[in-house]
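K.L.:
pasting the sequence and the predicted model now:
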Amino acid sequence: MSAGPLAQIQIRDRTGEGCVAENGFCPDWIAENLDKYWTPLLEHVYLTVVSVAIGFGIAFSLALLAHRRRWLTGPILGVTGALYTVPSIAAFFLLLPITGRGNTTAIVALVAYTLLILFRNITTGLRNVPPDAVDAARGMGMTPRQILWKVELPLAMPEILAGLRIALTTTIGLATLAFFAGGGGLGEQIYSEKAGTGGLFFKSNVVVAGSLAVALAAVSDLLVLAAQRLALPWRRTLRTA
Amino acid sequence: MTKKYPGAAEPAVNELSLEVPAGEICVLVGPSGCGKTTAMRMANRLIDMTSGDILLGGESIRTRRPAELRRTIGYAIQQIGLFPHQTIAQNVATVPRLLGWDKRRIEARIDELLELISLPREIRDRYPGELSGGQRQRVGVARALAADPPVMLMDEPFGAIDPITRERLQNEFLRLQRELRKTIVFVTHDIDEAIKMGDRIAVMKQGGRLAQYAPPAELLMNPADEFVEDFVGADRALKRLALQRVRDVDLWTAPLVREGDAVGEVRAKLADSDVDIPLLVDDAGHPLGWLADRGMTGDRVRPELRSRPEPILDVDDVLRDALGDLLAEESRYGPVTDERGRVVGVLSLDIISQALQTPASEVPSAGDVLSR
């Protein structure tokens, strides 16, 4: 999470207890303990997917509501924006008394952070749909619902997916703090006091768990990007238009 | 019908009353802000009337649910509004799909329409972004025609393209209309387009009022008021000439001569003719040129030419183009040839000026002229 400790990594003794005791970067130790990252990684994926899915559901409903009643856009942006600015660790601690330690608290906080990004991108996407396409759709006899699902949402898709990518990477980053609320995830490894050193931030641990979080963010981003290219073939034609 | 927007001092459309005969093109034309588009959009309930009614085949549109009504009325607009995320085939299939046609019927209809608007079949699976402006306009028209609606609304459907392509699309559409015989409400701000496309033209002025509703020739000959006169332009006589073809007027008989004809006969012919110079033609009847006096000095005509036959006019030229050719060659008359290039008569400036006095009722609309 922080560049400080990483910058001071010294690779003196790559083997044995000495490395661990000195809190160095120890490949041997990592190789031995690699399997203990498996569960936190899955927890992390779970937190991210569930939070973004719920966040998307809420943001999508709010965006459709604001699409019908334009005046709601401002207030919704205000509330989701306020949620977004609450410092993340504070949010986890604030929720503790209400939802208790565990997944729920972590997910509630993470969902709150996705709302602004997703809502803004979905509404922007809907607003940028070419008005002549909507007029033609109406003039040809599509009902408002058909226009929404067959014309407006497909045309808003690029911006919606862009919002999804930002939400995913942001949530993967924030989920490293979920363990403060007892939500598990890779953060537990990053901040753990382990291997009998007695101190916080065991460097080997920080490097591996941190890298896993970054890799997870990169993979999820690429997945959405690939899905976007597959699902929106028409986007490739627009450059010539 | 009347449309008044809340908060507006004047209605956008003010007691407009029009009857469009089935199978004809009615053009709504006027300066911007005259309410022509608003009027058109009331016909498929994209805009609801404040008062009045619109009857389609005797039935009030108020009795129909808007979305269902619109599926039975073709709709084409200037910005086309093709769906960029759908292929051309999907775009064209929009209304048939809304109407629940089965798949095979839709596929067959798409092929039929692409052929009708002369676009290659390969274009089916392309996206609108890959097409040229003219092709997109064509697809827009095809999409409006897809479910074969008896009535169509077209708002400057050829507006956003270059003049040459526009002219071609207009001609294509008029030919199409000759077969399809749709009842069309066509909106434009361009009086030339109105004259070209309209069987009847409704000129509208500020405040959504109807200034005149008449066939093009009538509009050009007898503008109802100063506004209409200004709007159709100072060259309205010239515009009228675009409504008539050379074959529609009585031509002068040409004193045709061939090499070797008896000079005596030629002189007799000349006495009967409106033209006092003989026109030398070859054996097939193609014009060679106007004969010089020295060609008639002997017993038999010799091929001595006074001047070339230009301009040679075609029976299918509109009078305006024929007049242009005469003026360009600084000639008072010229030979007219048929499709095989044979001389059938002579057109003169006198004939053209007489044509301008033809009663409006005898002048056809451009659509009829074009398709003959």
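P.N.:
Okay, I see it. Residues are numbered from 1 along each chain as shown, chains lettered A, B, ... in the order given.
K.L.:
could you pick out the longest helix of the chain?
P.N.:
No chain was given, so I picked chain A. helix A:38-68 (DSSP state H).
K.L.:
the chain in question should be chain B.
P.N.:
Counting residues, the longest helix in chain B under DSSP H turns out to be helix B:163-180.
K.L.:
helix, strand or coil: sort out the residue of chain B found nearest chain A for me.
P.N.:
Chain A sits closest to B:Gly81 of chain B, with a gap of 2.8 Å, by Cβ to the nearest Cβ. Every residue, glycine included, has its C-beta placed from N, CA and C. Under DSSP: H, G, I helix; E, B strand; the rest coil, the three-state class of B:Gly81 is coil.
K.L.:
where's the closest residue in space to it that isn't next to it in sequence, which helix or strand?
P.N.:
Once flanking residues are discounted, B:Gly81 sits nearest to A:Ala136: 2.8 Å by Cβ to Cβ, 6 or more residues apart in numbering or on different chains. If you go by DSSP states H and E, A:Ala136 is part of helix A:131-139.
K.L.:
quick check, central residue of chain A?
P.N.:
A:Thr171 (2.3 Å; Cα atoms, centre = their mean).
K.L.:
is chain B contacted by the strand or helix carrying that residue?
P.N.:
If you go by DSSP H and E, A:Thr171 is part of helix A:153-174. Yes. Remark: helix A:153-174 sits within contact range of chain B at A:154-155, A:157, by Cβ under 8 Å from any Cβ of the partner chain.
K.L.:
low-scoring stretches of the stretch 251-372 of chain B, by residue?
P.N.:
B:359-372 (pLDDT under 70).
K.L.:
tell me the residue of chain A that sits nearest chain B?
P.N.:
Counting by Cβ to the nearest Cβ, chain A gets nearest chain B through A:Ala136, at 2.8 Å.
K.L.:
how much space separates that residue from B:Leu153?
P.N.:
According to Cβ to Cβ, to the nearest Å, A:Ala136 stands 11 Å off from B:Leu153.
K.L.:
what is in contact with the two at once?
P.N.:
Taking Cβ atoms under 8 Å, 6 or more residues apart in numbering or on different chains as the contact rule, A:Ala136 and B:Leu153 both touch B:Tyr75.
K.L.:
what is whatever helix or strand comes next after the helix holding A:Ala136 packed up against?
P.N.:
Once the chain leaves helix A:131-139, the next helix or strand it forms, by DSSP H and E, is helix A:144-146. Counting contacts by 3 or more Cβ pairs under 8 Å, 6 or more residues apart in numbering or on different chains; DSSP states H and E, helix A:144-146 is packed against no other helix or strand.
K.L.:
what does helix A:144-146 contact?
P.N.:
A:137, B:98.
K.L.:
who wins for most neighbours among the residues of helix A:153-174 next to chain B?
P.N.:
A:Leu155 (22 neighbours; other Cβ atoms under 10 Å in any protein chain shown).
K.L.:
list, one by one, the residues from chain A near chain B.
P.N.:
A:130, A:132-143, A:146, A:151, A:154-155, A:157, A:232-234, A:237-241.
K.L.:
if any of those residues are buried, put those into a ChimeraX selection.
P.N.:
Entered in ChimeraX, the line below selects the buried ones among the residues of chain A next to chain B, by 16 or more other Cβ atoms under 10 Å in any protein chain shown:
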select /A:133,134,135,136,137,138,139,140,141,142,143,146,151,154,155,157,232,234,237
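K.L.:
isn't there a strand covering B:Val203?
P.N.:
Yes. Assessed by three-state DSSP, B:Val203 belongs to a strand.
K.L.:
now do the contacts for it.
P.N.:
B:29-30, B:210-213, B:219, B:227-228, B:231-232.
K.L.:
tell me which of the residues you listed is nearest to A:Gly55?
P.N.:
B:Gly30 (51.9 Å; Cβ to Cβ).
K.L.:
list the contacts of the residue nearest to the closest one when sequence neighbours are not counted.
P.N.:
By the measure of Cβ to Cβ, 6+ apart, the closest residue to B:Gly30 outside its immediate chain neighbours is B:Met204, 3.6 Å from it. For B:Met204, the contact set (Cβ under 8 Å, 6+ apart) comprises B:16, B:28-30, B:34-36, B:39, B:210-211.
K.L.:
looking at these, which is nearest A:Val86?
P.N.:
Distances from A:Val86 to the contacts of B:Met204, taken by Cβ to Cβ, are shortest for B:Gly35, at 53.0 Å.
K.L.:
now the strands for the stretch 1-150 of chain B?
P.N.:
With strands called from DSSP state E, counting those that start in this stretch, the stretch 1-150 of chain B shows them at B:25-29, B:55-56, B:59-60, B:73-77.
K.L.:
for the stretch 101-250 of chain B, what lies in contact range of chain A?
P.N.:
Near chain A, the residues belonging to the stretch 101-250 of chain B are B:126-130, B:143-144, B:153 when assessed by Cβ under 8 Å from any Cβ.
K.L.:
got a winner among those for most neighbours?
P.N.:
Top of these by neighbour count (other Cβ under 10 Å): B:Arg143, with 29 neighbours.
K.L.:
that one contacts B:Pro96, doesn't it?
P.N.:
No. Judged on Cβ atoms under 8 Å, B:Arg143 makes no contact with B:Pro96 at a distance of 9.9 Å.
K.L.:
how near is the residue nearest to B:Gly30 to B:Leu46?
P.N.:
Using Cβ to Cβ, one obtains 18 Å as the distance from B:Met204 to B:Leu46.
K.L.:
would you map the helices across the stretch 1-150 of chain B?
P.N.:
Counting by DSSP state H, counting those that start in this stretch, the stretch 1-150 of chain B has helices at residues B:36-43, B:66-71, B:88-92, B:94-98, B:103-116, B:133-145.
K.L.:
now the ones you listed as CSV including mean pLDDT?
P.N.:
Formatted as CSV, these follow (pLDDT from 0 to 100):
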stretch, mean pLDDT
helix B:36-43, 91
helix B:66-71, 93
helix B:88-92, 95
helix B:94-98, 95
helix B:103-116, 93
helix B:133-145, 91
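K.L.:
kindly reformat the residues of helix A:153-174 next to chain B as TSV containing pLDDT.
P.N.:
Converted to TSV, the residues of helix A:153-174 next to chain B look like this (pLDDT from 0 to 100):
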residue	pLDDT
A:Pro154	94
A:Leu155	94
A:Met157	93
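K.L.:
residue contacts, B:Pro21?
P.N.:
Applying Cβ under 8 Å, 6+ apart, we find B:Pro21 in contact with B:183, B:199-200.
K.L.:
what sits against the nearest residue to B:Leu319 once chain neighbours are set aside?
P.N.:
With sequence-adjacent residues excluded and distances taken as Cβ to Cβ, 6+ apart, B:Leu319 is closest to B:Leu241, at 4.0 Å. Neighbour list for B:Leu241: B:318-320, B:323, B:352, B:355-356 [criterion: Cβ under 8 Å, 6+ apart].
K.L.:
ok, back up a step: so after the longest helix of chain B, what's the next helix or strand?
P.N.:
That would be, after helix B:163-180 and using DSSP H and E, strand B:183-188.
K.L.:
each with direction, which strands does that next one pair with?
P.N.:
strand B:25-29 (parallel), strand B:151-155 (parallel) (DSSP bridges).
K.L.:
number of residues surrounding the closest residue to B:Arg240 other than its chain neighbours?
P.N.:
Spatially, and ignoring its direct neighbours in sequence, B:Arg240 is nearest to B:Leu220 (4.5 Å; Cβ to Cβ, 6+ apart). B:Leu220 sits with 28 neighbouring residues when counted by other Cβ under 10 Å.
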